[in-house]
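Enquirer: heads up, no residue letters with this:
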């Protein structure tokens, strides 16, 4: 039976990951099921934020280590408005990932590094002209996204790469659903304008 928390909203236990979380809280060795379920999504998010495979792997590893260490403090916060498929564990995990990536970005700004993979990939293409055009288009879009302010960029990545719902993104960013919708709308307008200026 659900009951209201002191001074807070009524909490509904709807988290789809609840059985996995409870199993991992009882036995940390069972955290592997959560890791396998979300590792690709966390890695993808880290890669789109950091643009480097090795950095993304490191950030992913650190995210899951922090999540495992903090799992005992995780509290489910799904509400009826989130729907039956909600996962507050997923939101919490991406909050951990966001913090991990932010720390890594700060470190990279202090001591920038150039990934060798990009140079190697450039020399390994067969259709040089077509590949160059495709890379140019993708690079222009990614640069336009990179130029967005922090939460606008994160909202776009979480929505279109990680396919999170507005309420999940709101949980990750610590904003309201309406604020997230405004962020995404303004971000897409900025990217479209940026790309239009480039074409012009």
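Expert: Structure received. From a predicted model like this one, the values you see are computed outputs, not experimental measurements.
Enquirer: for the helix or strand hosting residue 90, packing partners?
Expert: In the assignment (DSSP states H and E), residue 90 maps to helix 88-110. Judged by 3 or more C-beta pairs under 8 Å, 6 or more residues apart in numbering; DSSP states H and E, helix 88-110 is in contact with helix 18-26, helix 32-50, helix 53-70, helix 166-173. (C-beta placed from N, C-alpha, C; glycine too.)
Enquirer: the same query, at a cut-off of 10 Å, please.
Expert: Using 3 or more C-beta pairs under 10 Å, 6 or more residues apart in numbering; DSSP states H and E, the elements in contact with helix 88-110 are helix 18-26, helix 32-50, helix 53-70, helix 150-160, helix 166-173.
Enquirer: just say which of those is most tucked in.
Expert: Neighbour counts (mean count of other C-beta atoms under 10 Å) averaged over each of those peak at helix 166-173, with a mean of 22.
Enquirer: can you tell me the average pLDDT over that one?
Expert: For helix 166-173, mean pLDDT is 89.
Enquirer: other SSEs contacting it?
Expert: Using 3+ C-beta pairs under 10 Å, 6+ apart: helix 166-173 touches helix 88-110, helix 150-160, helix 177-199.
Enquirer: re earlier: redo the helices and strands packed on helix 88-110 as CSV? Include distance to residue 194.
Expert: Supplementary listing: those in CSV, determined by distance: least, C-beta to C-beta, whole Å:
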stretch, distance to residue 194
helix 18-26, 40
helix 32-50, 17
helix 53-70, 24
helix 150-160, 12
helix 166-173, 22
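Enquirer: circling back: next, the angle from the helix holding residue 90 to helix 18-26.
Expert: Here helix 88-110 runs at an angle of 70 degrees relative to helix 18-26 (axes from the mean of the first three to the mean of the last three C-alpha atoms, to 10 degrees).
Enquirer: what's near enough to touch the residue sitting nearest the centre point of the chain?
Expert: Nearest to the geometric centre of the chain sits residue 45, at 4.0 Å (C-alpha atoms, centre = their mean). Residue 45 sits next to 38, 56, 59-60, 63, 93-94, 97-98, 101, 154, 157-158, 161-162, 164, 172 when contact means C-beta atoms under 10 Å, 6 or more residues apart in numbering.
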